[in-house]
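1. need a structure here:
(one chain, ligands or ions: 1)
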Amino acid sequence: MTTFTDQIHTAAAPLWQKSFDHPFIHQLSAGSLPSEVFRYYLIQDRYYLSEFGKLHEQIADQLTDDKAKAFLMAGAQGLKDGEIAVREGFFEQLNITDDELAHTPIAPTAYNYVNHMYAELYRGTTAQAIAGLLPCYWLYNQIGQQLVAQGSPKELYQRWIETYDSDTYTDSVNQMIALTNQAAEQADDDTRAKMQTSFVRSSAYELAFWQMALDEQKW
Ligand SMILES: Cc1ncc(C[n+]2csc(CCO)c2C)c(N)n1
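-> Model prediction:
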């Protein structure tokens, strides 16, 4: 049976393919990505990750299902303990200081992606916001799985790739997919269509995020 997430995944597939084929990903895998570009990506992504954690908490606040609430709250905590903590090792290695983090402007694409997710939640519905979170989990897992086999000659990039191929991470992706399908089952057709739009837009922002880093995008 085709699930709701199969359907929205198909709608976003051309955008996902463009992410798989993006020069940022190719260069990361080949080890040729300039470290300035990776540094820039990490600094912008730190803003994204901290907002992404807050979104988990704010979506959880609006849910009544205890299991779904607990999963999102655990995700928020996991972001604080895991993804963001891992980045601190990278920051040290690349000499990214708190001062630099505080003084680097948030780039347009990072800002717009985060604002899209807040708009889905506060001008749309919780279900739309859940669908907007999913590409982040799912796309990175697919990229991690594709890249891990070939590996990157650059140790730092290899470590980044491995972050997205662990069993616990894949398990959280599957739970996020299940949560999206659960929300879709409880939604009407209009909301389901808006969930798909939210998912496709987040997929487009994921693609734009790589280009933002390559361009070292400024306002
Ligand atoms: C722009 C952007 N999109 C996705 C991720 C990956 N990611 C961020 S939070 C999370 C959930 C589990 O920690 C995952 C997979 C990223 N780092 N940056």
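
2. wait, does the helix or strand of the chain with the lowest mean pLDDT contact the ligand?
-> Among the secondary structure pieces of the chain, namely its helices and strands, helix 84-93 has the lowest mean (mean pLDDT, DSSP states H and E), a mean of 80. No: judged by CB under 6 Å from any ligand atom, helix 84-93 makes no contact with the ligand; its nearest approach is 8.5 Å. Every C-beta, even on glycine, is put in place using the N, C-alpha and C of the backbone.

3. for that helix, name the packing helices and strands.
-> Helices and strands touching helix 84-93, by 3 or more CB pairs under 8 Å, 6 or more residues apart in numbering; DSSP states H and E, are helix 35-62, helix 155-163.

4. once you drop chain neighbours, what's closest to Met195?
-> By the measure of CB to CB, 6 or more residues apart in numbering, the closest residue to Met195 outside its immediate chain neighbours is Ala131, 3.8 Å from it.

5. the one you found sits in which helix or strand?
-> Element membership of Ala131, judged by DSSP states H and E, is helix 126-150.

6. Cys136: how many residues sit nearby?
-> The number of residues packed near Cys136 is 22, by other CB atoms under 10 Å.

7. hmm, I typed the wrong one, I wanted Thr64.
-> Applying other CB under 10 Å, I find that Thr64 has 7 neighbouring residues.

8. where does it sit: helix, strand or coil?
-> When the structure is reduced to helix, strand and coil (DSSP: H, G, I helix; E, B strand; the rest coil), Thr64 reads as coil.

9. just the pLDDT at it, thanks.
-> According to the per-residue confidence, Thr64 scores 93 in pLDDT.

10. circling back: now do the contacts for the residue nearest to Met195.
-> With CB atoms under 8 Å, 6 or more residues apart in numbering as the criterion, the residues that contact Ala131 are 8, 120, 180, 183-184, 195-196, 198-199, 202.

11. and it, how far from Phe71?
-> Computed with CB to CB, to the nearest Å, the distance linking Ala131 and Phe71 is 15 Å.

12. worst average pLDDT in the helices and strands packed on helix 84-93?
-> Set side by side, the helices and strands packed on helix 84-93 give their lowest mean pLDDT on helix 155-163, at a mean of 91.

13. elements contacting the helix or strand that it is followed by?
-> Tracing the chain past helix 155-163, the next element assigned as helix or strand by DSSP H and E is helix 167-186. Using 3+ CB pairs under 8 Å, 6+ apart as the contact test, the elements touching helix 167-186 are helix 4-20, helix 66-78, helix 126-150, helix 189-215.

14. which parts of helix 167-186 are buried?
-> By 16 or more other CB atoms under 10 Å, the buried positions in helix 167-186 come out as 169, 172-173, 175-177, 179-180, 182-184.

15. likewise stretch 123-136?
-> Neighbour-count burial for stretch 123-136, counted by 16+ other CB under 10 Å, picks out 124-136.

16. same question for stretch 196-210.
-> The neighbour-count criterion (16+ other CB under 10 Å) identifies 196-210 as the buried residues of stretch 196-210.

17. mean confidence score for that stretch?
-> Along stretch 196-210, the predicted confidence averages to a pLDDT of 99.

18. what does the chain put close to the ligand?
-> With CB under 6 Å from any ligand atom as the criterion, the chain meets the ligand at residues 45, 48-49, 52, 78-79, 82-83, 136-137, 140, 172, 206, 209.

19. no more questions from me, cheers.
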